[in-house]
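Asker: output the structure for:
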Amino acid sequence: MSDSAVLNQHLIDPEICIRCNTCEAICPVGAITHDSNNYVVKADVCNFCMACVPPCPTGSIDNWRPVPIHKAYTIEEQLGWESLPAPLSDEELQAAGVVAQDAITQAATTAASAASAATTA
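Answerer: Numbering: from 1, shown residues only. Alright, predicted model coming up:
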């Protein structure tokens, strides 16, 4: 995969997550983990099946950020968050070698594929 590839990274909003463990318990691939502070999604494990989204009582797990795949947020970064990071600007994506429109297109395609998979599962 090229350095300019985009990941539509699945993230959990620590400001509204109530740490109920529903997402971690329901995830069929073990992509969600937690510490005493936050619940987070492992970018390299998540298959975008969306099984965790509907049962979340707060909607905190329904968050996505297009990021260059080589700069995906690590588990360690996510565990330290008090709030979600702002989406990367077009300039930040371009500096990382990603064309902003490509990021939007890839993110939308990933989300559409995940939604389609969730409705057919």
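Asker: from here on, just use CA atoms for contacts and neighbour counts.
Answerer: Will do.
Asker: so what's the nearest residue to I12 once chain neighbours are set aside up against?
Answerer: Closest residue to I12 apart from its sequence neighbours, by C-alpha to C-alpha, 6 or more residues apart in numbering: I61 at 4.3 Å. Neighbouring residues of I61 by C-alpha atoms under 8 Å, 6 or more residues apart in numbering: 10-13, 17, 23, 52-53.
Asker: among these, which ones are in helices?
Answerer: The helices, defined by DSSP state H, take in C23 from the contacts of I61.
Asker: highest neighbour count among the contacts of I61?
Answerer: C23 (26 neighbours; other C-alpha atoms under 10 Å).
Asker: those helices in this structure, which residues are they?
Answerer: 22-26, 75-79, 90-95, 100-120.
Asker: before we move on, the earlier item: relative to C46, which of the contacts of I61 is nearest.
Answerer: H10 (7.9 Å; C-alpha to C-alpha).
Asker: spit out the contact partners of N47.
Answerer: Counting by C-alpha under 8 Å, 6+ apart, N47 has contacts V29.
Asker: check the gap between it and Q9 for me.
Answerer: 11 Å (C-alpha to C-alpha, to the nearest Å).
Asker: put the alpha carbons of stretch 28-40 into CSV.
Answerer: The C-alpha trace of stretch 28-40 is given here as CSV (Å, rounded to 0.1, in the frame of the first residue of the first chain):
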residue,chain,number,x,y,z
PRO,A,28,-16.6,-9.9,16.2
VAL,A,29,-12.9,-9.4,15.4
GLY,A,30,-11.6,-8.0,18.7
ALA,A,31,-10.8,-4.6,17.3
ILE,A,32,-11.9,-2.6,20.3
THR,A,33,-9.9,-2.4,23.5
HIS,A,34,-9.7,-0.1,26.5
ASP,A,35,-7.8,1.1,29.5
SER,A,36,-9.0,2.8,32.6
ASN,A,37,-9.5,6.0,30.6
ASN,A,38,-10.7,5.3,27.1
TYR,A,39,-12.2,2.7,24.7
VAL,A,40,-10.4,2.7,21.3
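Asker: now do the buried residues in that stretch.
Answerer: 31-33, 38-40 (16 or more other C-alpha atoms under 10 Å).
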